[in-house]
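J.: Here's a sequence, model it:
(2 chains, ligands or ions: 1)
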Amino acid sequence: MMPARRDDPELDDTLVERAQGGDAHALDTLIRRHYELAYRVALGLVRDPDLAADVVQDAFVKATRGLDGYRGESSFRGWLATIVKNEGRSALRSAGRRNESDIDAVAPIAAPGSGAAERTILRDEARRVRAHVDRLPEKQRLAVTLRIDQGLSFREVGEMIGSSEGSARVNYHHGITKLRTWLTEESA
Amino acid sequence: MNCQDVNDLLPELALGDLRPEVRRDVERHLAGCEACSDTRATVEALHASRPDVPAGLEARILDAVHAELGTDVASGAGEAAGGVLRLEPRRRRGLPSWALGAAALLALAVGTPLMVSRMAEAPTVADDETLVMAERTLTPSVWASDDGLIAGEPALDGLSDEELLALLEELEAGA
Ligand SMILES: [Zn+2]
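T.: Next up, the predicted model:
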């Protein structure tokens, strides 16, 4: 599913060591390897593509600054995810965005027109399900999006959300079940 | 296979990542299980609406990090690109994902040193947007290439075989 090298903590740690020693190319490799994942973590958190891009950029700058502080206690991506999440929370606070617990309502979503082509209906369904993703509690939202959008295993999702593999699986299934229910209610 | 097993595999089913024999078992279960079929529809809808990573984000992050490190990105461009012409981005708007696929696949197909000239000479293959993408693709390769990063590598770096196949499909769909 994922390339083995993205999944290989030893290789990441080797690159980190080289980067800590001043090897800018090693740092570039780490960034190229992980920026997409970092972006999806940020997006799962802040739910705004532009803000997520800002967050992930700032997070990488902070990670670069603090790279000497990484001692390999966790995986590099776990460490990076923590920075992204901190940066994301701080960005949400500065932007004065509502906390996730306040977001229960999303904009009313139109039902697909009866004469719409099947493709349009599928697109509409896809759009609607994304609107509902924003309503999920944070861990469920991250578990669902990292599992499906980034193709992470439950173990990897756990690493990103700071939980066990089992907890990641539970969060994912709760999230999917809610989405399924909301979509069904809408169509009823 | 029970419902739990099938539910765990639905993302891989949507991604087309299941081995044929596993896929067959999953499909067999889905044919007789309404609950799992509903869940599958939800997972497929999620998969179909997967948000794109913004074009240029990688370059933007690298830029910011190098600014932090005090590395002058532009000054090393000529040497780092090995004398290959460095094109400046002409446009800043988002590009269709297939254009990225086209650039990546062309880089793969024609060999990276030839990429720029091939792109420039073959407008029938690479239209304007693909060219812009090629420029974007090249831009990150001019950073810190102490060991001679080749042009085009960043676009392919980190791509799995499945992702390359997906890019090929996008290219075909876009052509
Ligand atoms: Zn079932």
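J.: Find the least confident helix or strand in chain B, judged by mean pLDDT.
T.: helix B:77-80 (a mean of 34; mean pLDDT, DSSP states H and E).
J.: Now do stretch A:148-164: distance from first to last residue.
T.: End-to-end span of stretch A:148-164 (Cα to Cα, to the nearest Å): 18 Å.
J.: Sort out which residues of that stretch are buried, please.
T.: Across stretch A:148-164, burial judged by 16 or more other Cβ atoms under 10 Å in any protein chain shown covers A:148-154, A:156-161, A:163. C-beta coordinates here come from the backbone N, C-alpha and C atoms, glycine included.
J.: Tell me which entries of those residues lie within helices.
T.: Among the buried residues of stretch A:148-164, the members falling in helices (DSSP state H) are A:I148, A:F154, A:E156, A:V157, A:G158, A:E159, A:M160, A:I161.
J.: how deep is B:G70 tucked in, by neighbour count?
T.: 6 (other Cβ atoms under 10 Å in any protein chain shown).
J.: for it, what are its contacts?
T.: Listed by Cβ atoms under 8 Å, 6 or more residues apart in numbering or on different chains, the contact set of B:G70 is empty.
J.: Quick check: phi and psi on the closest residue to A:D134 other than its chain neighbours?
T.: Computed as Cβ to Cβ, 6 or more residues apart in numbering or on different chains, the closest residue to A:D134 that is not its neighbour in sequence is A:R47, at 5.0 Å. The phi/psi pair for A:R47 (degrees, to the nearest 10) reads phi 60, psi 30.
J.: about what we covered before: which one of the ones in helices among the buried residues of stretch A:148-164 is nearest A:D54?
T.: A:M160 (19.5 Å; Cβ to Cβ).
J.: Need the per-residue pLDDT for that closest one.
T.: The model reports A:M160 with a pLDDT of 95.
J.: do the same with the one 5 residues further on
T.: According to the per-residue confidence, A:E165 scores 97 in pLDDT.
J.: quick one, phi/psi of it?
T.: phi -60, psi -40.
J.: tell me the domain ranges of chain A?
T.: If you go by automatic domain parsing, the domain ranges for chain A are A:9-95, A:107-187.
J.: again, but for chain B
T.: Split by automatic domain parsing, chain B gives B:3-48, B:57-86, B:93-122, B:128-174.
J.: so can I have JSON lines of the ones in helices among the buried residues of stretch A:148-164 showing distance to the ion?
T.: Listed next are those as JSON lines, based on distance: Cβ to the ion, whole Å:
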{"residue": "A:I148", "distance to the ion": "18"}
{"residue": "A:F154", "distance to the ion": "18"}
{"residue": "A:E156", "distance to the ion": "25"}
{"residue": "A:V157", "distance to the ion": "22"}
{"residue": "A:G158", "distance to the ion": "24"}
{"residue": "A:E159", "distance to the ion": "28"}
{"residue": "A:M160", "distance to the ion": "27"}
{"residue": "A:I161", "distance to the ion": "26"}
